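J.: 3D, please:
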Amino acid sequence: MSTQKPRRPNYFVSMLTMKCPRCRKGDMFRNQNPFHLRFSKIFNMYDNCPVCGQKYELETGFWFGTGYVSYALSVAFSVFNLIWFWLFFGLTWRDNSIFIWLAVNGVLLVLIQPWLMRLSRAIYLYFFVYYDEDTAKLEKTTHQH
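T.: Below is the predicted model of the structure:
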């Protein structure tokens, strides 16, 4: 018999796949695809984790803080785009390449915004809820409200 503890799910992989921060097994969102034509479906979350029962909205207005996280992600994404665009194409005012970068970056930000908004919720929740070894042993329950 092996007494080896089960491996802890990776922190960043769990966050990027938007799993519950407490058990890192349950999904935070009812539908894994963040790209919907109806804006209301982007944030269609479970009230509680379907595996461990962790409440996702810790208090009224909890998700307002995700605006700061979403802003930071958007800035980081824009800086990344600026660097690769500058390295591959160059940026100057003379040929208006700066405006081309702005347009490309703007379109890309709009396209990935639903995913960024969901990711910002996951990151923000991970600030406040920590992994619990005991809940990781739980199997799927019926806490889906």
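J.: I figured residue 16 was touching residue 119, is that so?
T.: Yes. Using CB atoms under 8 Å, residue 16 and residue 119 qualify as a contacting pair, with a distance of 7.1 Å. In short, each C-beta sits where N, CA and C put it, glycine included.
J.: so these two - more neighbours on which side?
T.: residue 119 (19 against 12; other CB atoms under 10 Å).
J.: which one is that one nearest to, not counting chain neighbours?
T.: The shortest distance from residue 119 to any non-neighbouring residue, by CB to CB, 6 or more residues apart in numbering, is to residue 73 (6.6 Å).
J.: can you pull the pLDDT of residue 34?
T.: At residue 34, the pLDDT value in this model is 88.
J.: brain fart, residue 3
T.: At residue 3, the predicted lDDT confidence score is 60.
J.: helix or strand right after the one helix or strand the residue nearest to residue 119 maps to?
T.: For residue 73, the host element (DSSP states H and E) is helix 66-89. With elements assigned by DSSP H and E, the helix or strand that comes after helix 66-89 is helix 97-128.
J.: so residue 119 touches residue 12, yeah?
T.: No. In this structure, residue 119 sits apart from residue 12 without contact. The criterion is CB under 8 Å, and the distance is 11.3 Å.
J.: residue nearest the centroid of the chain?
T.: The geometric centre of the chain, computed from its C-alpha atoms, lies nearest to residue 119 (CA atoms, centre = their mean), at 1.3 Å.
J.: what sits against it?
T.: Contact criterion CB atoms under 8 Å, 6 or more residues apart in numbering gives 15, 16, 18, 73 as the residues in contact with residue 119.
J.: list the contacts for the spatially closest residue to residue 90 that is not a sequence neighbour?
T.: The shortest distance from residue 90 to any residue other than its chain neighbours is 6.3 Å, reached at residue 97 (CB to CB, 6+ apart). The contact partners of residue 97, by CB under 8 Å, 6+ apart, come to 85, 89, 90, 91.
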